[in-house]
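**Student:** curious how this folds, go ahead:
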Amino acid sequence: MTFRSRSASLGAVVLLGVAAIWGGTLSFTKDALAYMGVNEFLTLRFAVAALALVPFLPRIKKGTITIANTLLSAVLGAVLYAIFYLQSRGLQTVATAATGFITGTNVVIVPLITLLLFRNRISLRVWLGIIVAVAGLAFVAGRGLFTPMSGFWLVLMSAFLIAVDIVAVEKLMPSVDAIWLAFVGITSSAALALAFSFFGSNTGIAGIKEVTSLEVVVAVLFNGLLGTAFALWAQNHYQLVVPSAQVALVFSTEPIFAAGIAWLFFGGAVTGNVVFGGALVLSGVIIADEEAFRYLVSSRRPEK
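**Tutor:** Take a look at the predicted model:
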């Protein structure tokens, strides 16, 4: 086994761990939101993540930071805030397992956005994946499908914004240092969450007392350090050595981890509709992701 192949194997294992961490963040978030508001929790999560990235700022390559890409990073930070705000609000009424599968549909939303904005053609296979995923969503949503602005729709909106963020980073920010992009985006998200935490009742300074709850402390540290700072570093580092098709397949397991962790450790309910619909969503995601689909098919073919 060569050094590169060993690095790729290690990278795949680490990224699988990232998928598991992301799945776990949903349960920790849902648990913490029973003790404090969404914006208060997001403020703490992003503040911890931003502080964790500070030691890595000196490693940023000289000449990669400009006023333009810093402003764009801040705008993407606003999108990042909206993603987590909508997902967290949805988690208050939607089961963790269902939230994980709905969030995973961002993979099938990406080609739709590129079709609308850049006229990129969509193959029949991708259309099939989208149709299968949408059918799965109908099972996952259940009666929530017909309730305007229900938690289901809030989580689906967050999945749409994840897809927007993916396309924006690929098209607008290819030359920006990943650490700087992450730091500015996370800092912007923390600032927005803090600002909005002062709107409504029992918010802002009044909500600080909730930080003493063990559930909140654990959720903030897990989500901030592992789910944001570490996961971002691992993704940026190991995607350089792990084939993109394999990365896509590894990350598609996040909803499975979300459902499993919620059921095993947090007493989350996993209904038959969520299991069946989740299987359809996961199948649609794999079918719609061109590289992942090809990798899966080729890996099952016997070598000649």
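**Student:** only C-alpha atoms from now on, for both contacts and neighbour counts.
**Tutor:** OK.
**Student:** show me the shaky parts of the stretch 1-150 of the chain.
**Tutor:** Residue ranges of the stretch 1-150 of the chain with pLDDT under 70: 1-6, 143-149.
**Student:** swap in 80 and give it another go.
**Tutor:** Applying pLDDT under 80 to the stretch 1-150 of the chain flags residues 1-8, 62, 119-120, 141-150.
**Student:** do a quick rundown of the helices in it.
**Tutor:** Remark: helices assigned in the stretch 1-150 of the chain by DSSP state H, counting those that start in this stretch are 3-32, 38-53, 67-91, 96-103, 106-118, 124-141.
**Student:** residue 251 is nearest to which of these?
**Tutor:** helix 3-32 (5.4 Å; Cα to Cα).
**Student:** what's the distance between that closest one and the middle of its chain?
**Tutor:** The chain centroid and the centroid of helix 3-32 are separated by 12 Å, computed with Cα atoms, centre = their mean, to the nearest Å.
**Student:** tell me what that helix is packed against?
**Tutor:** Counting by 3 or more Cα pairs under 8 Å, 6 or more residues apart in numbering; DSSP states H and E, the packing neighbours recorded for helix 3-32 are helix 67-91, helix 96-103, helix 214-221, helix 231-238, helix 244-251, helix 254-265.
**Student:** as a markdown table, the ones you listed with distance to residue 137 and mean neighbour count would be great.
**Tutor:** Listed next are the helices and strands packed on helix 3-32 as a markdown table, based on distance: least, Cα to Cα, whole Å; neighbours: other Cα atoms under 10 Å:
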| stretch | distance to residue 137 | mean neighbour count |
| --- | --- | --- |
| helix 67-91 | 15 | 20 |
| helix 96-103 | 7 | 29 |
| helix 214-221 | 28 | 19 |
| helix 231-238 | 27 | 16 |
| helix 244-251 | 19 | 18 |
| helix 254-265 | 13 | 21 |
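**Student:** which of these sits closest to residue 111?
**Tutor:** Residue 111 lies closest to helix 244-251 among the helices and strands packed on helix 3-32, at 14.4 Å (Cα to Cα).
**Student:** so where's the stretch 201-304 of the chain shaky on pLDDT?
**Tutor:** Low-confidence segments of the stretch 201-304 of the chain, defined by pLDDT under 80: 201-212, 236-237, 239-249, 269, 289-304.
**Student:** follow-up on the earlier one: tell me which of the helices of the stretch 1-150 of the chain sits most buried.
**Tutor:** Most buried of those by mean neighbour count (mean count of other Cα atoms under 10 Å) is helix 96-103; its value is a mean of 29.
**Student:** show me what that one is packed up against.
**Tutor:** Checking 3+ Cα pairs under 8 Å, 6+ apart, helix 96-103 ends up next to helix 3-32, helix 67-91, helix 124-141, helix 151-172, helix 254-265, helix 272-288.
**Student:** now it, how far from the chain's geometric center?
**Tutor:** On the basis of Cα atoms, centre = their mean, helix 96-103 sits 11 Å off its chain's mean C-alpha point.
**Student:** next, the angle helix 3-32 makes with that helix.
**Tutor:** Between helix 96-103 and helix 3-32, the angle comes out at 130 degrees (axes from the mean of the first three to the mean of the last three Cα atoms, to 10 degrees).
**Student:** one step back: out of the helices and strands packed on helix 96-103, which comes closest to residue 103?
**Tutor:** helix 151-172 (4.9 Å).
**Student:** helices or strands up against the following helix or strand past the closest one?
**Tutor:** Next along the chain after helix 151-172, taking DSSP states H and E as the criterion, comes helix 178-196. The contact analysis (3+ Cα pairs under 8 Å, 6+ apart) places helix 178-196 against helix 38-53, helix 67-91, helix 231-238.
**Student:** closest one to residue 14 among the helices and strands packed on helix 3-32?
**Tutor:** Residue 14 lies closest to helix 231-238 among those, at 7.2 Å (Cα to Cα).
**Student:** ok so, going back, please identify which of the helices and strands packed on helix 96-103 is closest to residue 226.
**Tutor:** Minimum separation from residue 226 across those (Cα to Cα) falls at helix 3-32, 6.9 Å.
**Student:** still on that earlier bit, columns distance to residue 167 on top of the helices of the stretch 1-150 of the chain, output as CSV?
**Tutor:** Formatted as CSV, these follow (distance: least, Cα to Cα, whole Å):
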stretch, distance to residue 167
helix 3-32, 20
helix 38-53, 22
helix 67-91, 11
helix 96-103, 16
helix 106-118, 7
helix 124-141, 17
